[in-house]
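Engineer: I need the structure of the sequence given here:
(one chain, ligands or ions: 1)
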Amino acid sequence: MTAGPSAPAAENTGPPAPEGSPEQAVSAVSAVPAVSPVLDVRELRKSYGDLTALDGVDLRVAAGEIVSLLGPNGAGKSTFVSIVAGLRRADSGSVEVAGVDAAADPGAARRMTGLVPQDLGVYPPLSTRRNLRLFGELAGLRGRELGARIGEVSRALSIETLLDRPVGELSGGQKRRAHTAMALLHRPRLLLLDEVTAGADIESRARLLDVVRELAADGSAVVYSTHYLQEVETLGASVALLEAGTVIARGSVRELVAGHSTPTVEFRFAGPAPLAADGRGHEGFAERDGGVLRVTTRDPAATIATTVLALGEDAGRLRGVEIVEPSLETVYLALTGRRYASGETLS
Ligand SMILES: Nc1ncnc2c1ncn2[C@@H]1O[C@H](COP(=O)(O)OP(=O)(O)OP(=O)(O)O)[C@@H](O)[C@H]1O
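Structural biologist: Here you go, the predicted model:
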């Protein structure tokens, strides 16, 4: 895939389908902005053969709003982003960018959209500057204005020293910054970023997040797909949680946490956690994850007491018990049944 408003159509092979399906209760928090949204997506559907990637996705994003698109691998985030960017065609549903129907006038919708896709699509033999010029021209920028914008985005993303190097020689993080610069050249009203900080170092990540915040502060609407939950807080973003092609929750972090404010108790064991046998009196949803038994409960104290009592000989392997207060992470866990794989990456 390539960035920019006139990127060519492309289909890529995506990751495997998500395992299982959530059984937890799902509550969708409506977050319809009062003013006309910059992005207005309704009932978007997309299948790849028998596989339903998007199953009726609605999403509205206001000017100045950053929406974090969260969800496990295969949830449909990239499919959603690439359809909104005009790289893929939906089976049905509608996409409007600043009131322009993307199906009726794809060119106009693309001109208002900036995309930083997951698979980078720059022209490797050309210098960063040449790539920026190309994408700028595709977006309708010319002459002095284009030169000035290249200067601005290069400063914003700290890529001035990379301008005369072939993009193909840049590191992964440098490429992402260069790519983001290309998507920002024409000051898009809608910016789509698909896992843009994946593999970026701390400095690149901070720089990228700063730029995204600044763009939103200037009035752009931003859709920011990520696996890093802490970025949601850093960006001051609201959340759209996608699972198996459906938005299962939408709202601010505060709204989501308030709506799913059930604490979790984590029991840590030496060796595998014992089976959370239903007969052990847990109240709420219990699951095992390696050496951790995790129980979502409204009464943590009672859960600790009944669970420890029920452990039998496994009690000797118990190494710690922790009450985890509700957070975006626990909301994610409650809604998807999945957890972080490494402390920050969602599995
Ligand atoms: N070109 C394609 N052909 C067939 N199936 C596809 C294609 N692209 C994506 N898929 C499937 O569609 C589903 C959604 O994929 P998508 O890449 O949109 O998910 P995602 O949420 O972006 O995942 P990740 O977090 O891993 O990037 C997956 O099951 C994936 O295997």
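Engineer: switch to C-alpha atoms for all contacts and neighbour counts from now on
Structural biologist: Fine.
Engineer: tell me which residues of the lowest-mean-pLDDT helix or strand in the chain come out buried.
Structural biologist: Within the chain, no helix or strand scores below strand 286-289, which has a mean of 79 by mean pLDDT, DSSP states H and E. Neighbour counts over strand 286-289 (16 or more other Cα atoms under 10 Å) mark 286, 287, 288 as buried.
Engineer: same list (the residues you listed) but as TSV, adding distance to the ligand.
Structural biologist: Listed next are these as TSV, based on distance: Cα to the nearest ligand atom, whole Å:
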residue	distance to the ligand
286	25
287	23
288	23
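Engineer: pLDDT at the residue nearest the centre of the chain, what is it?
Structural biologist: For the chain, residue 225 is the residue whose C-alpha lies nearest the centre (Cα atoms, centre = their mean; 2.2 Å). We have a pLDDT of 94 for residue 225.
Engineer: hmm, it is touching residue 197, no?
Structural biologist: No - taking contacts as Cα atoms under 8 Å, residue 225 lies outside contact range of residue 197: 9.7 Å.
Engineer: quick revisit: now the buried residues of strand 286-289 as a markdown table including distance to residue 117?
Structural biologist: Below are these laid out as a markdown table (distance: Cα to Cα, whole Å):
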| residue | distance to residue 117 |
| --- | --- |
| 286 | 37 |
| 287 | 35 |
| 288 | 35 |
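Engineer: now do the strands in the stretch 51-200 of the chain.
Structural biologist: Counting by DSSP state E, counting those that start in this stretch, residue ranges of the strands within the stretch 51-200 of the chain are 51-61, 66-70, 92-97, 100-101, 113-116, 190-194.
Engineer: which of those sits most buried?
Structural biologist: Most buried of the strands of the stretch 51-200 of the chain, by mean neighbour count (mean count of other Cα atoms under 10 Å): strand 113-116, with a mean of 30.
Engineer: tell me where the stretch 151-300 of the chain has helices.
Structural biologist: Listed in chain order, the helices of the stretch 151-300 of the chain (DSSP state H, counting those that start in this stretch) span 172-184, 202-217, 229-235, 253-259, 300-310.
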